[in-house]
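Undergrad: Attaching a predicted model along with its sequence, questions to come.
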2 protein chains.
Amino acid sequence: MSVTIYDLAREAGVGIGTVSRCLNNHPSVSAETRAKVLEVIKRLSYQPHASAQRLASKKTNTISAIIPFFTNYFFIQVLQGVQDKAAEFGFDLILYGVNNTSQAEYYLRRSLHRGHVDGVMFFSMKLPESYVQKFQQIRLPLVLVDAYHPEFDSISVKNLEGATMATRHLLKLGHTNIAMINASLATQPARDRMEGYRIALEEADVPFRNDRVFISEIGKQDGFNREAGRASMEDLIGKNSGKDRVTAVFIASDVQSMGALEGAAELGVRVPEDLAIVSFDDIELAQHAQLTTMRQPMYEMGVLALEKLTTRMKNPDAPPSQTTFLPSLVVRRSCGARVPSEQLV
Amino acid sequence: MSVTIYDLAREAGVGIGTVSRCLNNHPSVSAETRAKVLEVIKRLSYQPHASAQRLASKKTNTISAIIPFFTNYFFIQVLQGVQDKAAEFGFDLILYGVNNTSQAEYYLRRSLHRGHVDGVMFFSMKLPESYVQKFQQIRLPLVLVDAYHPEFDSISVKNLEGATMATRHLLKLGHTNIAMINASLATQPARDRMEGYRIALEEADVPFRNDRVFISEIGKQDGFNREAGRASMEDLIGKNSGKDRVTAVFIASDVQSMGALEGAAELGVRVPEDLAIVSFDDIELAQHAQLTTMRQPMYEMGVLALEKLTTRMKNPDAPPSQTTFLPSLVVRRSCGARVPSEQLV
DNA sequence: TTGAAAGCGCTAACAG
DNA sequence: CTGTTAGCGCTTTCAA
């Protein structure tokens, strides 16, 4: 059938070991032998068999990425960074999109199968405790992206600090009645972003008020979605009257802001004139909707994730390395700050 | 080290063949032997070695997807369909994102490596002729998505018919001076969409005019991008005066429309009052921008792509099966048609 | 129904 | 520098 190293060896009049050495650029092959073998390889248009190589070498040159809701723009951007870097290193990237939690475990198990992948990237979900040992036991490199566990390499974004920066921006613009639209407090990002909001208010001696935090958990993704954002905004507007009415709102994510904008428009509330908005993520839509928002360096996170993985492969015993990125404020129209139009991104 | 079928066999007091049969639910194993083996498997928490299985069985249960600009919403949606279906079939999906044409060939070669994948999906690019034979020779299943070649399974969208429908919609709304903003005619979709536009005009006895077709090839993706759309729109508006001024435009893609909307807004041209727009794709942004557009059934295309692949694996000699989807008109605000607001999607 | 044995195609250690 | 040999861990005949 297909040509193997035995065919090459016979044809070139050498041993299979020599052929293998040529294939793997092993130094100890004489120039002329190498040339001869290479010629035969070309002539017979030989292709090494991936599975055989993997079995013998115990390396797969493959990594897997376990990602929730992977149609989300955040993940796409990160993935782009991962993908570009993987190509550079010659790794194959297996994409595991998870739609529910049991699926996440399934893919973790699958990734743990011997001889399947050389490393795993786990995105934005809590790593089940039972897998902590498993990964350590098998010594399979694992990097957590947008997630954290003390025992593993991880990359994440400073949600708390980012939220503080966002709220400060609103304060600096003169607002004091600042509400927050949040998602389910069951998620860590929601808790962190609320805490950051609280801290910024406190710094400015503005009292934190529970009735100024609007949370809707309708829809998917723990309330990080358009409908929930819309519902919260309608709720906010419905209750917003009197002397100390809210003039600005920090929204926990851009997707929610998209819904919030719809809700505001429908109820005749102008943004930013009646209500200034700052949110979080900087997804693609944010630019179009002219949202002021906290930008996460998504592509860079992806690149770094892959680098951490390869580093870990080379050095399995190094202590876990955790990296956190500080998001940056991108000012657009929704916050009401006057910006020269050329600066609008 | 790790436990192999030999360990299982010894422990269970059977031969490795029997163990293998249990693993693969081969029928001819007695119930009690099977139970015994299964118990040992569980007790030693055995895991089959993927590469070894692949080498011996000559199956990888893996497919690859070669995708250009994979941050594009169209591909993400299609990929979601592929991914969901792949999970169902137990396939691993290797994602190859291509940034330039030489990369596409690299990934094709890589996919052709023996023992690497069982099937390939190639997206939205012209399959280089030199690979036609290679795939046929190796008999590696290949399905073209949003692309076409007579010798392979394919899934695509009726660009010509879609463009005709789009243009007809504008005609039906009473417009007769209808321009088109297109991308590079080097691409088949651009040619088809222009032809569809031409046909619709012809049907309505409206003469096709070359000076009403605006093409910009600046930026990436052959002009299918925001900047090019903006440039074309500015060009159009700059030339748009006099008695027979253009009142509607068919734009070849939603991304271009996004730029075109910006350009129009900046130049004080209102959409749809001054200029009605219909475009093509229905990416996520289209909904937010309230674009009337031709929707492609992206998720369904992904599902079908994987189904075609598995069908082909089972039946390598069946004639190529080509499926084309007819896009559907989604009416939103940009075309100026009066729509009850609940109907706005 | 089951065990033994022969591959699958390659890598790598070991002598020369 | 090079050939030989022994695995890598599994699937699959082939007899029994």
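TA: Looks like it arrived, so ask away. Numbers count the residues shown, from 1 in each chain, chains lettered A, B, ... in the order given.

Undergrad: Tell me the bridge partners for the residue in the stretch 151-300 of chain A that DNA strand C sits nearest to.
TA: Scanning the stretch 151-300 of chain A for proximity to DNA strand C using Cβ to the nearest atom of the strand identifies A:Asp153 as nearest, at 25.2 Å. (Each C-beta comes from the backbone N, C-alpha and C, glycine too.) Judged by DSSP bridges, the bridge partners of A:Asp153 are A:Val143.

Undergrad: Compute the number of surrounding residues for it.
TA: By other Cβ atoms under 10 Å in any protein chain shown, 24 other residues sit near A:Asp153.

Undergrad: Quick check: it vs B:Leu291, distance?
TA: From A:Asp153 over to B:Leu291 the distance is 42 Å, taken as Cβ to Cβ, to the nearest Å.

Undergrad: How about A:Gln136?
TA: 51 Å.

Undergrad: who has more neighbours, those two?
TA: Neighbours per residue, other Cβ under 10 Å: of A:Gln136 and B:Leu291, the larger number sits with B:Leu291, 27 against 12.

Undergrad: mind checking how far the more buried one is from A:Ser241?
TA: From B:Leu291 over to A:Ser241 (counting by Cβ to Cβ), the distance is 35 Å.

Undergrad: One more: A:Thr18?
TA: 85 Å.

Undergrad: what's the least confident helix or strand in chain A by mean pLDDT packed up against?
TA: None of the helices or strands of chain A scores lower by mean pLDDT, DSSP states H and E than helix A:284-288, at a mean of 84. When contacts are defined as 3 or more Cβ pairs under 8 Å, 6 or more residues apart in numbering or on different chains; DSSP states H and E, helix A:284-288 sits against helix A:254-266, helix B:284-288.

Undergrad: Next, give phi and psi for the residue of the stretch 151-300 of chain A found nearest DNA strand D.
TA: Closest residue of the stretch 151-300 of chain A to DNA strand D, Cβ to the nearest atom of the strand: A:Phe152 (25.1 Å). The phi/psi pair for A:Phe152 (degrees, to the nearest 10) reads phi -130, psi 160.

Undergrad: and it, what does it touch?
TA: Contacts here follow Cβ atoms under 8 Å, 6 or more residues apart in numbering or on different chains; on that basis A:Phe152 touches A:Leu127, A:Val132, A:Phe135, A:Leu142, A:Val143, A:Leu144, A:Pro320.

Undergrad: Narrow those to just the buried residues.
TA: For these, burial is judged from neighbour counts taken by 16 or more other Cβ atoms under 10 Å in any protein chain shown, and it is met by A:Leu127, A:Phe135, A:Leu142, A:Val143, A:Leu144.

Undergrad: Relative to B:Ile67, which of the residues you listed is nearest.
TA: Nearest to B:Ile67 among the buried ones among the contacts of A:Phe152 is A:Val143, at 23.6 Å by Cβ to Cβ.

Undergrad: so when I look at A:Ala179, I'm seeing a helix, right?
TA: No: with DSSP: H, G, I helix; E, B strand; the rest coil as the criterion, A:Ala179 is assigned strand and is not in a helix.

Undergrad: Now for it: which residues touch it?
TA: A:Ala179 neighbours (Cβ under 8 Å, 6+ apart): A:Arg212, A:Val213, A:Phe214, A:Leu236, A:Val246, A:Ala248, A:Val249, A:Phe250.

Undergrad: again, only this time at 7 Å
TA: By Cβ atoms under 7 Å, 6 or more residues apart in numbering or on different chains, the contact set of A:Ala179 is A:Arg212, A:Phe214, A:Leu236, A:Val246, A:Val249.

Undergrad: cool, A:Gln83 as well?
TA: A:Leu93, B:Leu95, B:Gly97.

Undergrad: Save the helices and strands packed on helix A:284-288 as CSV, and put in mean neighbour count and distance to DNA strand C too.
TA: CSV is the format used below for the helices and strands packed on helix A:284-288 (neighbours: other Cβ atoms under 10 Å in any protein chain shown; distance: least, Cβ to the nearest atom of the strand, whole Å):
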stretch, mean neighbour count, distance to DNA strand C
helix A:254-266, 24, 47
helix B:284-288, 20, 44
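
Undergrad: Out of the ones you listed, which is closest to B:Val117?
TA: Among these, helix B:284-288 sits nearest to B:Val117 (Cβ to Cβ), with 29.8 Å.

Undergrad: could you point out which element follows the least confident helix or strand of chain A?
TA: Downstream of helix A:284-288, the next assigned helix or strand under DSSP states H and E is strand A:292-295.

Undergrad: Show me what that next one is in contact with.
TA: Contacts for strand A:292-295 (Cβ under 7 Å, 6+ apart): A:162, A:165-166, A:254, A:277-282, A:286, A:327-332, A:334-335.

Undergrad: Would you list the buried entries among those residues?
TA: A:162, A:165-166, A:254, A:277-282, A:286, A:327, A:329-332, A:334-335.

Undergrad: Restricted to strands, list the residues you listed.
TA: Using DSSP state E, the members of the buried ones among the contacts of strand A:292-295 that fall in strands are A:Ile277, A:Val278, A:Ser279, A:Phe280, A:Asp281, A:Leu329, A:Val330.

Undergrad: Which single one of those residues is nearest to B:Val14?
TA: The nearest member of these to B:Val14, counting by Cβ to Cβ, is A:Asp281 at 56.4 Å.

Undergrad: ok, the closest residue to that closest one other than its chain neighbours to A:Met298 distance?
TA: Closest residue to A:Asp281 apart from its sequence neighbours, by Cβ to Cβ, 6 or more residues apart in numbering or on different chains: A:Asp254 at 4.3 Å. Here A:Asp254 is placed at a distance of 12 Å from A:Met298 (Cβ to Cβ).

Undergrad: pLDDT weak spots in chain A?
TA: Of all residues in chain A, those with pLDDT under 70 make up the ranges A:1, A:71, A:339-345.

Undergrad: now the strands for it?
TA: Using DSSP E, strands in chain A cover A:62-68, A:92-98, A:119-123, A:142-145, A:153-157, A:178-182, A:213-215, A:248-251, A:276-281, A:292-295, A:322-325, A:328-330.

Undergrad: Top of the contacts of A:Ala179 by number of neighbours, please.
TA: That'd be A:Val249 among the contacts of A:Ala179, by other Cβ under 10 Å, with 28 neighbours.

Undergrad: With distance to DNA strand C as new columns, can the contacts of A:Ala179 be given to me in JSON lines?
TA: What follows is the contacts of A:Ala179, written out as JSON lines (distance: Cβ to the nearest atom of the strand, whole Å):
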{"residue": "A:Arg212", "distance to DNA strand C": "62"}
{"residue": "A:Phe214", "distance to DNA strand C": "59"}
{"residue": "A:Leu236", "distance to DNA strand C": "62"}
{"residue": "A:Val246", "distance to DNA strand C": "65"}
{"residue": "A:Val249", "distance to DNA strand C": "59"}
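
Undergrad: ok, which pair from these is furthest apart?
TA: Those two in those that are separated most widely, counting by Cβ to Cβ, are A:Phe214 and A:Val246, at 9.8 Å.

Undergrad: my read: A:Cys22 touches A:Arg34, true?
TA: Yes: with contact defined as Cβ atoms under 7 Å, A:Cys22 and A:Arg34 form a contacting pair (5.4 Å).

Undergrad: higher neighbour count, those two?
TA: A:Cys22 (22 against 16).

Undergrad: show me what contacts that one?
TA: Taking Cβ under 7 Å, 6+ apart, one finds A:Val29, A:Arg34, A:Val37, A:Leu38 in contact with A:Cys22.

Undergrad: residues in contact with the residue nearest to A:Leu144 when sequence neighbours are not counted?
TA: Spatially, and ignoring its direct neighbours in sequence, A:Leu144 is nearest to A:Ser154 (3.9 Å; Cβ to Cβ, 6+ apart). Neighbour list for A:Ser154: A:Val143, A:Leu144, A:Ala147, A:Tyr148, A:Gln322 [criterion: Cβ under 7 Å, 6+ apart].

Undergrad: Now do the helices for the stretch 101-250 of chain A: every range, in order, please.
TA: A:101-112, A:129-138, A:159-172, A:188-203, A:226-239 (DSSP state H, counting those that start in this stretch).
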